[in-house]
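>>> this is the structure alone, sequence omitted:
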């Protein structure tokens, strides 16, 4: 999961370098690369491409696509660390939804930690004028659908190869993103092509490691490790984009991290209801 977080952080930076390319178009290029690369690997390893539980695999692709599209829009329109912090409410939604979807137990005190994390997001939005409420809502929507996608991945634990799950993401996303991109197309120029290719490569590695993690460990534990990416985002944002924040905004990020770390500590050893 730590490896996945690092590759996702590099992908986020690359997306930030393409503000003139519509988010949906970036997702289209990313999906085409992931589709081809996943298909080749599946054939090479002689793994059945279409998998077993097709309904759940398609659902994973749909909710994952919605989560990704909304996240890319926030990445392009608000500061990097703020976008990542808001999207990282995903592990909170993962844990909450996991109660109902995969029947994993959550201790009562963990809901307090969830509230701490949410209050941190509200502080970030309230004390940073660069964050429009609309994009805050889009970011929270991204986190919600990411949490749903991670639960679906866990449901597929015993039936699907990790690469099959990764494959269904671009299988569902590519036609949808292609249709929308047709109406908002901006032709990439020069280095744009290299950056778009890099996004595809980084995403493929990140998705594979993330899928392996979610299939083989407690949801709350694995999901919480996502938050290490906030530190990457702060560093990259400051060095590459000269993004700075006031003390209240840093305080909000600290609240988010505190809520998640406390949740991680208390999720250890919590047995599943199954």
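Noted; the coordinates are in hand. Quantities reported herein were computed from a predicted structural model and do not represent experimental measurements.
>>> switch to C-alpha atoms for all contacts and neighbour counts from now on
Will do.
>>> looks like residue 263 contacts residue 110 (just checking).
Yes: judged on Cα atoms under 8 Å, residue 263 makes contact with residue 110 at a distance of 5.6 Å.
>>> more neighbours, these two?
residue 263 (26 against 21; other Cα atoms under 10 Å).
>>> residue 133 versus that one, what's the distance?
Counting by Cα to Cα, to the nearest Å, the gap from residue 263 to residue 133 is 27 Å.
>>> what of residue 165?
33 Å.
>>> between the two, who's got more neighbours?
Ranked by neighbour count (other Cα under 10 Å), residue 165 and residue 133 place residue 165 first, with 26 against 12.
>>> surely that one touches residue 58?
No: the criterion here is Cα under 8 Å, and residue 165 misses it with residue 58 at 9.1 Å.
>>> what does stretch 59-68 rub up against?
Contact with stretch 59-68 is made by 27, 141-146, 148-149, 152-153, 165, 168-173, as judged by Cα atoms under 8 Å, 6 or more residues apart in numbering.
>>> helices - which of those land there?
Using DSSP state H, the subset of the contacts of stretch 59-68 located in helices is 27, 141-146, 148-149, 152-153, 165, 168-173.
>>> can you give me the helices in the stretch 1-150 of the chain?
Here the stretch 1-150 of the chain has its helices, by DSSP state H, counting those that start in this stretch, at 2-16, 23-44, 54-77, 80-87, 90-101, 108-126, 133-155.
>>> and the shortest one, how far from the chain's centre?
Using Cα atoms, centre = their mean, to the nearest Å, we find the averaged C-alpha position of helix 80-87 to lie 11 Å away from the chain's own average C-alpha position.
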